[in-house]
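> everything below, folded, please.
(chains A and B)
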Amino acid sequence: MDLENQNRVKNMTEKYGAENLIVLLGAAEAEAAGLAAETVTNGDPTYAGSLTGVQLGLRVYHVVEPEFKEAVDSAVYDEQIGMMEMVLDVDEIIAEMSSMREQYCKY
Amino acid sequence: MVYPVLKGAGYALINTPDMIMQNGTTQTTEKIVNPGSEYLKALPEHIRSYDQVVNYAPNQVYIGNMRPESLRSYGMPWHDKGAENATRFGKFGEIMPQDEFILLMKMADAFELVMIEKDFMEQAREKLSGHPLFKDEAAALPGGVEISEIEAALEQHAEAVYHGGNLVGCVKKAHDVDTNLSAHVLFENIVAKASGTLAFKHLIDKNGIDVRDVQYVIECSEEACGDMNQRGGGNFAKSIAEKCGAVNATGSDTRGFCAAPVHALIQAAALVQSGVYENVVVVAGGATAKLGMNGKDHVKKGLPVLEDVLGAFAVMVSKNDGESPIIRTDLTGRHTVGTGSSPQAVITSLVTAPLDRSGMKVTDIDKFSVEMQNPDITKPAGAGDVPEANYKMIAALSVKRQELERSQLPEFIVKHGMPGWAPTQGHIPSGVPYLGFAKEDLTCGDLNKVMIVGKGSLFLGRMTDLFDGVSVVIERNPGEASEEAGALQVESSGASQPGQPAKVRIGLTTLGSEHGIENLVAGAELAAKDNSGFEIVLIGPKTGTELEVAVADTEKEMYRKMEELLDKNSIQACVTMHYDFPIGVSTVGKVVTPGAGKEMLLATTTGTASTQRVEAMVKNALHGIIAAKATGIKSPTVGILNLDGARQAERALKELAAGGYEINFAESGRADGGAVMRGNDLLQGTADVMVTDTLTGNIMMKVFSAYTTGGSYEATGYGYGPGIGENYGRAILILSRASGAPVVANAIRYAAKLAQGNLAGVAKKEFADARKAGLDGILKSVTKDAGKAKEGSSGEASPPPKEVVTGEISGIDIMILEDAVQELWKNGIYAESGMGCTGPIVRVAEDKVMAAAEILTREKYINAE
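Sure thing, here's the model as predicted:
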C-alpha cells in the first residue's frame, strides 16, 4: 500500500477510532487487494510504511464484494463499478479479502 | 469537411545497455539509497546482448518486421523465444546499437556539450558510415578527445557516457548553478532529441517524403528543455526539425504525460484540416530515466532486464491525398475535468462517447490501439497485461451497452485487440505504436476503422490529481480528395451501408413553440421512430427523452449552439422557429394539397429573396427548384401563382429558360392552361414548385397546415422549409410557433432528405447554371422596370458612415423596406435592412432607434401607434 495512504489510514484511525472506520479498496487484482487489506489489519507486510507492525484490525472490503454492493444504490453501483465488476476476477478477490478479514479483522 | 490523412510513420528502438545502469532512475536511486545492494550486483548478469535485443519478437513488431498479431503464436514469455528472420532494419525503422547512437548524441549537440573519446569515436564512426541515413553526417563529425579531457570534465559534474562498461564520453553541464542545465538534464534532453531525430529520419525515408514539405513539427516526449527562468521553455520540435533538414518547418512541444502523442496527433490533424499547414510531423524520442524501471522484478524473477531500449516514433499528418487513411477529427474522445476517475467513466469518455456522437457501436471499430505496453515486461513486474486489461474494459462496456454478448468477450479481445509490443517508455506505448500498421491495414489491408487511445497519469506531476486521456478514430479513405467528395464523406459516415442513403444528423431547437417543448420533443420522437438514415439532436433544455440533447437553457444560447453545430458539421441541417436570414434568402415550404393529396413546394414562405417583388419571385422560383432537386425530384414542374407581377416573373423565367437554364413549366389545370397558376391549381397541387411572393406563400402555408384544426394548431405539411439563397451555406429549416408535432416530425424528415441530397451543393450548381443562362441581366431588367414604375422616387441616397446596428424597427412593408433605409440615409442615420423574427426590419444604431422611428412615422413608412 502506498506510503502516503498508510499515513492517512493511521492518522484517521487515531482521530476517529478504529471501530468507526471501514476501508474500501478498488485494487484490480486479488493479490494487490489482499496486500492492502493485510496492511490495514495486520500491518504493512513489506515493512516500508508507517503501518509496519501496527495491527489496526480495521474492517476492510473491496468494492466488488457483496457486503459493499448491497449497501449502495444499485444504479450508482452499476454506473461506477458495473463495468469493472465484469472485468475483474471477483471470486478470487472475495476469497482473498475474506481470508484477510478472518485472520486479522478485530471488528 | 475534408479530413486530414495519416501519411506515414517511422519507428526506432535504441538498445542502450550501459544507460540502464548509468541513467535509469530505478538504478540511480538504488545507488544512492542502497549502494551495495544485491540488485545492483546482480544486474549486469541480466543485461541482454544487442543481438538478443534485435532477436526479440516485440522489438521486431515495433519496427514493422512482424505483425502484432503474430506475437500470439509465440506463447508467453517471449524473451526466451527469439524471433524468425529478425533483422536490424524494418519497414518502419530500425533497432540501433548503443555505440552508433552515442555518435547521434554528438550530432544532436549544438553547444559542444558532448565529448567523445577519440578511439571510440573512430570505431563508431566507421560503423555509422555504413548507415543509409547517416553516412554523410558520420563523415562530417569532428574528431574525438583524449580520455583525460573527459575525466577532467567528470570532475566538473559532467554526466558520463559508457559503452561496454568503459567510459567513452560525457555530457557537460551548461551552467554552474542552474539545475535545468545540469549535465544530467542535458544528457536526457540530448538523448530525447537524438532518438527523436532517428525516428523522424526513418519517417521521411520510409514514406518517400520530401523533408522540405514539412511545415510544422509537434514534439510530444516527456522531457523538458529550458533553463531556470523557463524550465520547460522548449523547443525539442524545432531542434529535431533542424537536424532532419526540415528547413521550411517550425514547431512546438506538447506535453500530457503518456497521452501527449495522441494529443499531438489530434492537434496535427486540426492544423492540417483547418488549412493552417499541409504537412505536420508528430515526433517523440525516448527516455533514459525509464530504462530498467522494473529491473528489480525482472532480476528477482531471473529474467533479463527487458527495459533495455529507448523508443522513438514519428508520424506525418497531411492534407487529404484521396488515398491515405483519414483522421476523423469529428470522432475524438476526451477525458474532461468533469469526467470522473472510475475506469468506467474513463472508458466511456474515451471510447463510447465519440462513437455515440455518430451512432456507432463499439464493434464498428475494427481495431483499438490502447496503451500497447509489452506484457512480457509488465506481467513479471505485477502490472498485468495492460492492453488486455484495456480490451476487457472496452468489451465489458460494450456488453453493458448490449452491443455484445457476455460470452463474446474473449472473442472481442482477440478480434478488436492486439497483444502489446511497445517498450514501457511512457508516451511511446500510448496508442501510437500501431499507426504504422494502421496506415497499411486501412489502405491495403481489410480494416475500415481503428481507434487510437492515449492515457496519461497527470497526478505524477503534482499539479492535479486528475487522470487524462484522448482518442481519435482513423478510417479508410473513401478515395476522393476534392472538396465536394469530402462533404459527401461526412454524410456517409456512421453505420450506413453503400447504396443506402447517407446517415445525417438533424438538429431541432426546442424553445419557442406556442405548444411547448413537449410538442417539439414529441415531434422529434415521432420522426425518430421511423428512423431512416438520420439521427436527431435536440438543442435546448434537458428533457426526459432518449434522444441526444445539446443543452442550451436560453434562446440566445440555443441559436448560438445551433450555428456552432452546423458550422462544425456536427449536424448537417437544423429545424428551428424563426431565424433571422439575411436578405437574399427565402424558405421553401412543403405542403400536402387537399385536392389531390399531392406534395407541393411553396416557393417561398418566409425570408426575403429580394425587396422587389418580381425579382423576389424569380429568385423564389430558383430556390424552389433547388429544394425540389435536393429532395430527389429530378425535373420539377414550376408554376407561378397568379399574383401581381406574376406575368413579369413568368417572362423573366422564360427568358432564363431560353438562355439555357432548364425550367419545366407546369400547365394549369384550368381550360386555358399556361404556367400561371390559379387558386384551383393550388388545391390540386398542379406544380411541384409553386412560385409566389413570400408573404402570400406564408399565408398559404398557414392555410394548408391548419385548415383542419381551426387555426391555432398546424397539423399537416412539412413546415416552412429551408432558407435558400446564393452563397448561403447553413441548412436551417423553419417551423411556425404554431406547428404541431406531426409537422415537426415532417420538418425533420424534410431536413434529412435535403441534407442527404446535398442541398448546398445543389444550390451552388443551380445558381451557377442560372447565371450562365443570363440570370444577372434578367434580374437587372426586372428591377429597372420596377424602378420606372415607382413614381416620385427621389434617387439613391448615399449612406452615412457605417455604424453597429443592433436596434430594430419593425412594421415596415417589405415592398418599401429599401426606400425606408434610403429615407434614413437621407436624414443622416445609417441603417440596414434585414429580416427579423416577425417580418422585415430596419436596423439602426441602438441610440438612434427613437429618431429613426420618428422619421419613418413622419414619412409614413410605419403607422403611428
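> could you chop chain B up by domain?
Annotated domains of chain B cover B:5-475, B:585-719+B:760-782, B:807-858 [automatic domain parsing].
> first vs last residue of the second one, how far apart are they?
Its start and end residues considered, domain B:585-719+B:760-782 measures 18 Å (Cα to Cα, to the nearest Å).
> coming back round to it: using JSON lines, please lay out the domains of chain B together with mean pLDDT, mean neighbour count and distance to B:Ala745.
Glycine gets a C-beta too; all of them are placed from N, C-alpha and C. Putting the domains of chain B into JSON lines (pLDDT from 0 to 100; neighbours: other Cβ atoms under 10 Å in any protein chain shown; distance: least, Cβ to Cβ, whole Å) gives the following:
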{"stretch": "domain B:5-475", "mean pLDDT": "95", "mean neighbour count": "21", "distance to B:Ala745": "19"}
{"stretch": "domain B:585-719+B:760-782", "mean pLDDT": "91", "mean neighbour count": "21", "distance to B:Ala745": "9"}
{"stretch": "domain B:807-858", "mean pLDDT": "87", "mean neighbour count": "19", "distance to B:Ala745": "23"}
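> dump those into a markdown table; add distance to chain A as well.
A markdown table is the format used below for these (distance: least, Cβ to the nearest Cβ, whole Å):
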| stretch | distance to chain A |
| --- | --- |
| domain B:5-475 | 4 |
| domain B:585-719+B:760-782 | 39 |
| domain B:807-858 | 42 |
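> out of those domains, flag the one nearest B:Arg560.
Nearest of these to B:Arg560, taken as Cβ to Cβ: domain B:807-858 at 15.7 Å.
> so B:Thr179 makes contact with B:Val185?
Yes. Counting by Cβ atoms under 8 Å, B:Thr179 does reach B:Val185; the two are 7.0 Å apart.
> okay, helices next: where are they in the stretch 501-650 of chain B?
In the stretch 501-650 of chain B, helices defined by DSSP state H, counting those that start in this stretch lie at B:516-529, B:555-567, B:613-630, B:646-658, listed in chain order.
> angle of the last one against helix B:613-630?
Right, helix B:646-658. Regarding helix B:646-658 and helix B:613-630, their directions subtend 50 degrees when assessed with axes from the mean of the first three to the mean of the last three Cα atoms, to 10 degrees.
> mind checking how far the next helix or strand after helix B:646-658 is from the chain centre?
Using DSSP states H and E, the helix or strand that follows helix B:646-658 in sequence is strand B:664-665. Chain-centre distance of strand B:664-665: 43 Å, with Cα atoms, centre = their mean, to the nearest Å.
> what packs against strand B:664-665?
Taking 3 or more Cβ pairs under 8 Å, 6 or more residues apart in numbering or on different chains; DSSP states H and E as contact, the helices and strands that strand B:664-665 lies on are strand B:637-641, helix B:646-658.
> for that strand, which strands pair with it and how are they oriented?
The sheet places strand B:664-665 alongside strand B:637-641 (parallel), with pairing taken from DSSP bridges.
> and the contacts of the strand it pairs with?
B:617, B:621, B:624-625, B:646, B:649-650, B:653, B:663-666, B:668, B:675-677, B:681-682, B:686-692, B:696 (Cβ atoms under 8 Å, 6 or more residues apart in numbering or on different chains).
> what's the answer for stretch B:131-140, then?
Contacts for stretch B:131-140 (Cβ under 8 Å, 6+ apart): B:Glu100, B:Leu103, B:Leu104, B:Met107, B:Arg125, B:Leu128, B:Ser129, B:Leu198, B:Lys201, B:His202, B:Asp205.
> export these to JSON lines and tack on secondary structure?
Supplementary listing: the contacts of stretch B:131-140 in JSON lines, determined by DSSP: H, G, I helix; E, B strand; the rest coil:
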{"residue": "B:Glu100", "secondary structure": "helix"}
{"residue": "B:Leu103", "secondary structure": "helix"}
{"residue": "B:Leu104", "secondary structure": "helix"}
{"residue": "B:Met107", "secondary structure": "helix"}
{"residue": "B:Arg125", "secondary structure": "helix"}
{"residue": "B:Leu128", "secondary structure": "helix"}
{"residue": "B:Ser129", "secondary structure": "coil"}
{"residue": "B:Leu198", "secondary structure": "helix"}
{"residue": "B:Lys201", "secondary structure": "helix"}
{"residue": "B:His202", "secondary structure": "helix"}
{"residue": "B:Asp205", "secondary structure": "helix"}
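> return the member of the residues you listed nearest to B:Tyr434.
Using Cβ to Cβ, the shortest approach to B:Tyr434 within those belongs to B:His202, at 16.4 Å.
> show me which residues of chain A are close to chain B?
Taking Cβ under 8 Å from any Cβ of the partner chain as the measure of proximity, chain A contacts chain B at A:Ala28, A:Glu29, A:Glu31, A:Ala32, A:Glu79, A:Gln80, A:Ile81, A:Gly82, A:Met83, A:Met84, A:Met86, A:Val87.
> number of residues surrounding the closest residue to the first one other than its chain neighbours?
It refers to A:Ala28. Of all residues beyond its chain neighbours, the one nearest A:Ala28 is A:Leu88 (6.3 Å), with distances taken as Cβ to Cβ, 6 or more residues apart in numbering or on different chains. In terms of burial, A:Leu88 registers 24 neighbours under the definition other Cβ atoms under 10 Å in any protein chain shown.
> pLDDT wise, what is A:Leu88 at?
What the model reports as pLDDT for A:Leu88 is 90.
> ok, B:Pro501 next?
53.
> check B:Ala864 too.
We have a pLDDT of 65 for B:Ala864.
> same thing with A:Leu51?
Per-residue confidence for A:Leu51 comes out at a pLDDT of 94.
> please apply the same query to B:Lys790.
The model reports B:Lys790 with a pLDDT of 46.
> same deal with the one 3 residues further on?
At B:Ser793, the predicted lDDT confidence score is 49.
> tell me, what residue is most central in chain B?
Among the residues of chain B, B:Thr329 comes closest to the average C-alpha position under Cα atoms, centre = their mean, at 2.1 Å.
> make sure that residue is indeed in a strand.
Yes. Secondary structure assignment (three-state DSSP) places B:Thr329 inside a strand.
> ok so, going back, so which of the helices of the stretch 501-650 of chain B is nearest B:Glu30?
Closest approach to B:Glu30 among those is made by helix B:555-567 (54.4 Å; Cβ to Cβ).
> state the mean pLDDT of the closest one.
Across helix B:555-567, the per-residue pLDDT values average to 90.
> list the helices and strands that helix packs on?
With contacts taken as 3+ Cβ pairs under 8 Å, 6+ apart, helix B:555-567 sits against strand B:504-509, strand B:534-540, strand B:573-577.
> what strands line up against the longest one, and which way round?
When you say that, I think you mean strand B:534-540. Its sheet considered, strand B:534-540 pairs with strand B:504-509 (parallel), strand B:548-551 (parallel) by DSSP bridges.
> columns distance to B:Ile748 on top of the domains of chain B, output as TSV?
Rendered in TSV, the data for the domains of chain B read as follows (distance: least, Cβ to Cβ, whole Å):
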stretch	distance to B:Ile748
domain B:5-475	15
domain B:585-719+B:760-782	9
domain B:807-858	21
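> one step back: which stretch among the helices and strands packed on strand B:664-665 comes nearest B:Lys301?
B:Lys301 sits nearest to strand B:637-641 of all the helices and strands packed on strand B:664-665, at 82.5 Å, using Cβ to Cβ.
> next one: the closest one to chain centre, how far?
Averaging C-alpha positions (Cα atoms, centre = their mean) puts strand B:637-641 43 Å from its chain's average.
> ditto for stretch A:85-103
What separates the centre of stretch A:85-103 from the centre of its chain is 10 Å, taken as Cα atoms, centre = their mean.
> and what of stretch B:363-377?
23 Å.
> ranges for the helices of the stretch 51-200 of chain B?
Listed from the start of the chain, the stretch 51-200 of chain B has helices (DSSP H, counting those that start in this stretch) covering B:57-62, B:98-107, B:118-128, B:135-140, B:147-155, B:183-206.
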